[in-house]
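In: Have a look at this prediction, sequence included:
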Amino acid sequence: MKEFDYDLDYKSLDFTDAETRKLYRIGRGEQGVLLVRPYTHDICSHWRFVDEDTAIASSHKIYEMFCRYKRRNGFVGMGMARKFLEMGYAGSKRYANHNSGRKYAKDGSVSSCEKDCLTNVKARSAKIFKEVKEWRVSE
């Protein structure tokens with residue numbers, strides 16, 4: 001697999017253009033997800049996971065965008081929407097496990113997880129994003 005190319009000038013590239021789309025690389029994990037325009041701006045404005053209601057609205061809106069890109073054969077947009085759903089899950093889990101969002105203490109050791117990390121509001125938000133991504137995007 002080709003690595004995500006961080007050397008491109010993403011601020012000036014528009015991946016809705018047919019020629020520019022050829023430059024898109026998937027990359028490992030969610031590499032480059034915040035760079036690929038205009039998708040970053042379009043999707044990121046809806047990406048929230050502060051609580052369950054917000055996660056539901058956010059994940060459903062991002063899934064709706066995924067479907068719209070799919071109808072238009074917009075592979076890059078589909079990939080970006082899927083990445084934001086994945087990051088909604090990962091971000092929620094990070095805050096569910098550690099209220100501060102920081103896994104590591106200042107001394108480099110791993111901080112212990114919150115006592116309610118499997119049931120708190122962020123854990124429930126993570127579950128919502130995971131369900132939307134697994135059940136809907138795989139269709």
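Out: That came in fine, so what should we check first? Because the structure is a prediction, the values reported are computed rather than measured.
In: residue closest to the middle of the protein?
Out: Phe84 (2.0 Å; CA atoms, centre = their mean).
In: Assign a three-state SS to it, would you?
Out: Following DSSP: H, G, I helix; E, B strand; the rest coil, Phe84 is assigned to helix.
In: That one and Tyr39, how far apart?
Out: Phe84 is 9 Å from Tyr39, where distance means CB to CB, to the nearest Å. Bear in mind the C-beta positions are built from the backbone N, C-alpha and C, glycine included.
In: Kindly report the same for Lys115.
Out: For Lys115, the distance to Tyr39 - CB to CB - is 38 Å.
In: When these two are compared, which one has more neighbours?
Out: Neighbour totals were compared for Lys115 and Tyr39, and Tyr39 leads with 25 against 8 (other CB atoms under 10 Å).
In: element containing the closest residue to the more buried one other than its chain neighbours, please.
Out: Nearest residue to Tyr39, sequence neighbours excluded (CB to CB, 6 or more residues apart in numbering): Met80, at 3.9 Å. Assigned by DSSP states H and E, Met80 belongs to helix 75-97.
In: With just CA atoms, put that helix into PDB.
Out: Listed next in PDB are the C-alpha coordinates belonging to helix 75-97 (Å, rounded to 0.1, in the frame of the first residue of the first chain):
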ATOM      1  CA  PHE A  75     -14.900   7.300  -3.400                       C
ATOM      2  CA  VAL A  76     -12.800  10.000  -1.600                       C
ATOM      3  CA  GLY A  77     -15.900  11.500   0.100                       C
ATOM      4  CA  MET A  78     -17.100   8.000   1.100                       C
ATOM      5  CA  GLY A  79     -13.600   7.200   2.600                       C
ATOM      6  CA  MET A  80     -13.500  10.500   4.400                       C
ATOM      7  CA  ALA A  81     -17.000  10.100   5.900                       C
ATOM      8  CA  ARG A  82     -16.100   6.500   7.000                       C
ATOM      9  CA  LYS A  83     -12.900   7.900   8.600                       C
ATOM     10  CA  PHE A  84     -14.900  10.500  10.600                       C
ATOM     11  CA  LEU A  85     -17.300   7.800  11.800                       C
ATOM     12  CA  GLU A  86     -14.300   5.800  13.000                       C
ATOM     13  CA  MET A  87     -12.700   8.800  14.600                       C
ATOM     14  CA  GLY A  88     -16.000   9.600  16.400                       C
ATOM     15  CA  TYR A  89     -15.800   6.100  17.900                       C
ATOM     16  CA  ALA A  90     -12.100   6.500  18.800                       C
ATOM     17  CA  GLY A  91     -12.400  10.000  20.200                       C
ATOM     18  CA  SER A  92     -15.400   9.000  22.400                       C
ATOM     19  CA  LYS A  93     -13.500   5.900  23.700                       C
ATOM     20  CA  ARG A  94     -10.400   8.000  24.500                       C
ATOM     21  CA  TYR A  95     -12.500  10.400  26.600                       C
ATOM     22  CA  ALA A  96     -14.500   7.500  28.100                       C
ATOM     23  CA  ASN A  97     -11.300   5.900  29.300                       C
END
